[in-house]
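Participant: coordinates for the following, if possible.
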Amino acid sequence: MTTGATDSPASLYGNASLAFGVLGLITAVLGSYVGIAFPVLFGALGVTLGALGLAKRLHRVRCMVGLATGAMALLYFVFLLATFGG
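Facilitator: Alright, predicted model coming up:
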């Protein structure tokens, strides 16, 4: 019988992905006030942690929502740059 912790850092992928994805989407809406760096950073972290969580098969719904919202934050700026970037 082991007395160690049963949780691992990988169990936080779903919560962290969800938080970063939502933060990325919120800061993308407020992009004119906070700039482009924060939405891209938060969106990229949401996508990365969501993909890692899906690969580990932990908290799939949270990981998928974090991945989707983070991707929307990233794709919003990619769309803006492709449209108005010249």
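
Participant: remind me, longest helix of this structure?
Facilitator: Once the chain is assigned using DSSP state H, the helix that runs over the most residues is helix 60-84.

Participant: what packs against that helix?
Facilitator: When contacts are defined as 3 or more CB pairs under 8 Å, 6 or more residues apart in numbering; DSSP states H and E, helix 60-84 packs onto helix 13-29, helix 37-56. Every residue, glycine included, has its C-beta placed from N, CA and C.

Participant: so of those helices, which one's packed in deepest?
Facilitator: Among those, ranked by average contacts under mean count of other CB atoms under 10 Å, first place goes to helix 13-29 (a mean of 22).

Participant: find the centremost residue of this structure, please.
Facilitator: The residue lying closest to the centre of the chain (CA atoms, centre = their mean) is Gly46, at 1.2 Å.

Participant: nearest residue to that one in space, ignoring adjacent ones along the chain?
Facilitator: Closest residue in space to Gly46, ignoring its immediate chain neighbours: Gly70 at 2.6 Å, by CB to CB, 6 or more residues apart in numbering.

Participant: just Asn15 next, same as before
Facilitator: Closest to Asn15 by CB to CB, 6+ apart is Arg62, at 6.3 Å.

Participant: count of neighbours near that neighbour?
Facilitator: The number of residues packed near Arg62 is 20, by other CB atoms under 10 Å.

Participant: residues touching it, list them.
Facilitator: Shown in contact with Arg62 (CB atoms under 8 Å, 6 or more residues apart in numbering): Gly14, Asn15, Ser17, Leu18, Gly53.

Participant: make a markdown table from the residues you listed and add distance to Ala82 to it.
Facilitator: Below are those laid out as a markdown table (distance: CB to CB, whole Å):
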| residue | distance to Ala82 |
| --- | --- |
| Gly14 | 31 |
| Asn15 | 32 |
| Ser17 | 26 |
| Leu18 | 27 |
| Gly53 | 29 |
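
Participant: take these and write them to TSV, including pLDDT.
Facilitator: Shown next, in TSV, are the contacts of Arg62 (pLDDT from 0 to 100):
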residue	pLDDT
Gly14	85
Asn15	89
Ser17	92
Leu18	91
Gly53	89
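
Participant: all good on my end, thank you.
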